[in-house]
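[1] After the sequence you'll find the predicted model.
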Amino acid sequence: MLRTPILKLTADDKPLSDNVMARLMTLSVTDNKSMDADELSITLDDHDGALALPKRGVKLQCWMGFVDAGVHDMGTYVVDSCEWSGSPDTITIKAKSADFKSSLKEGRSQSYHNVTLGKIADAVAKRQQLELSIKPELANIDVGHVDQTDESDINLLTRLCHQYGAVVNIKHGKLLIFTANSNVSASGHPLNLTLITRQTGDSYRFSVEDRQGDYTGVSARYQDTGKATKKTATAGNVEKRGGGDDPNTKTKRLKGAYKSKEAAAAAANAEMKRIEDEQAKFSINTAYAYPAVTTESPIILQGFKAEIDKLKWTVDKATHDYSKSGGLTTQMDLVASIK
């Protein structure tokens with residue numbers, strides 16, 4: 001069944017004219033994971049030179065969908081570059097998510113002492129005028145003392161969240177911190193499960209990579225304040241022999257010492273999960289777009305090989321493309337754990 005795509009665009013809250021929409025050649029929305037800004041790219045036909053070049057800073061909002069299913073809000077973006085090229089003459093506009101303000105990337109220096117991950121995240125959210133959404137189990141992690149030295153708020157949160165197995169993102173005015181591959185939306189609610197069948201895709205590719213396969217366990221040291229000694233928290237199986245970074249074990253040892261047993265255990269579990277995660281990858285170009293699919297969306301694959309279908313897949317990156325010749329399609333990069 002042929003499906004008719006719908007595209008809607010506004011510039012500074014005003015709908016684009018019919019003349020501009022008629023010149024639309026391609027449009028692409030890329031939903032990136034973590035702290036990489038989402039991107040919007042538009043190519044317009046300017047064969048007669050009648051179009052004015054857009055100014056940087058213009059706010060663009062985009063909706064995509066189909067006549068039979070309605071449209072989906074693809075986000076708000078700010079124009080940061082414009083290119084005119086030929087022949088034939090075209091104008092290419094690139095914009096990035098409006099949620100990523102320049103102040104997020106500015107270096108600053110500050111020390112945080114005896115704090116939790118949640119308190120640091122709350123300080124950043126208030127500073128950047130964002131609404132914080134963080135899971136309690138992450139908010140309560142005691143990170144001890146943290147120095148932010150000429151470091152941006154983006155880098156600070158990315159560094160801390162990576163250490164404790166969390167993901168940080170900014171969407172729709174919210175600072176989101178959640179466990180990696182937890183399949184939650186910008187509102188913190190579970191994302192809808194999407195079924196992708198073999199018949200859905202025009203092309204697909206599966207691969208397995210064993211980045212740190214020698215490691216079967218992770219250990220992290222922490223300070224036992226009661227006895228003034230250092231102890232170890234572990235994750236995975238630290239007893240297996242042969243290989244790894246130690247000739248007698250397959251245990252990966254994290255550098256430094258953590259303030260508490262809970263912080264060390266969280267870091268060890270996070271690193272163990274990273275070792276197990278992203279070992280299987282699957283990419284697919286769909287015949288028709290799935291505009292509601294975003295990063296962290298859970299995916300069921302059906303009709304491929306049995307060892308592929310049985311895995312729990314999560315969207316790592318989604319690119320939604322429109323062209324006059326190809327219609328509206330989606331390219332998804334998926335990841336899954338092999339345990």
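    In hand now; what should we look at? None of these values were measured; they are calculated from a predicted model.

[2] List the contacts of the longest strand seen in the chain.
    In the chain, taking DSSP state E as the definition, the longest strand is strand 70-85. Applying Cβ atoms under 8 Å, 6 or more residues apart in numbering, the external contacts of strand 70-85 come out as 6, 8, 29, 38-40, 46, 53-65, 90-99, 171-172, 291-292, 320. To be clear about C-beta, it is placed using only N, CA and C from the backbone, and glycine gets the same treatment.

[3] could you flag which of the residues you listed are buried?
    In these, burial by neighbour count holds for 6, 29, 38-40, 46, 54, 60-65, 90-91, 93, 95-99, 171-172, 291-292, 320, counting by 16 or more other Cβ atoms under 10 Å.

[4] Provide the secondary structure category for residue 41.
    The three-state label given to residue 41 by DSSP: H, G, I helix; E, B strand; the rest coil is strand.

[5] wouldn't it be in contact with residue 92 here?
    Yes - assessed by Cβ atoms under 8 Å, residue 41 is found in contact with residue 92 at 6.9 Å.

[6] So in that sheet, which strands flank the helix or strand where residue 65 lies, and in what orientation?
    In this structure, residue 65 sits in strand 59-66 according to DSSP states H and E. Here strand 59-66 has these sheet partners by DSSP bridges: strand 5-11 (antiparallel), strand 70-85 (antiparallel).

[7] Just send these back as a markdown table, with mean pLDDT and distance to residue 201 too.
    A markdown table is the format used below for the strands paired with strand 59-66 (pLDDT from 0 to 100; distance: least, Cβ to Cβ, whole Å):
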| stretch | mean pLDDT | distance to residue 201 |
| --- | --- | --- |
| strand 5-11 | 93 | 18 |
| strand 70-85 | 91 | 20 |
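
[8] Ok, which of these comes nearest residue 308?
    strand 70-85 (27.1 Å; Cβ to Cβ).

[9] Run the chain-centre distance for the closest one.
    Its chain's C-alpha centre and that of strand 70-85 lie 18 Å apart, by Cα atoms, centre = their mean, to the nearest Å.

[10] now stretch 259-276
    21 Å.

[11] Report the spatially nearest residue to residue 272, omitting neighbours in sequence.
    Nearest residue to residue 272 in three dimensions, chain neighbours excluded: residue 235, at 3.9 Å (Cβ to Cβ, 6 or more residues apart in numbering).

[12] Please name the bridge partners of that neighbour.
    Those that pair with residue 235 in a beta bridge, by DSSP bridges, are residue 218.

[13] That one: what's it in contact with?
    217-219, 265, 268-269, 271-272.

[14] among these, which two are most distant?
    Farthest pair in the contacts of residue 235, by Cβ to Cβ: 217 and 265, 12.7 Å.

[15] More neighbours: which of those two?
    Neighbours were counted for residue 217 and for residue 265 using other Cβ atoms under 10 Å; residue 217 has more, 21 against 18.

[16] Please tell me how far the more buried one sits from residue 272.
    From residue 217 across to residue 272, the span is 7 Å (Cβ to Cβ, to the nearest Å).

[17] so what sits against both of these two?
    235-236.

[18] thinking again about what came up before, can you name the next helix or strand after the longest strand of the chain?
    Next element after strand 70-85 (DSSP H and E): strand 90-97.

[19] Low-confidence regions, the stretch 151-300 of the chain specifically.
    181-189, 210-214, 225-228, 239-249, 277-278 (pLDDT under 70).

[20] Walking through it, point out its helices one by one.
    153-163, 261-276 (DSSP state H, counting those that start in this stretch).
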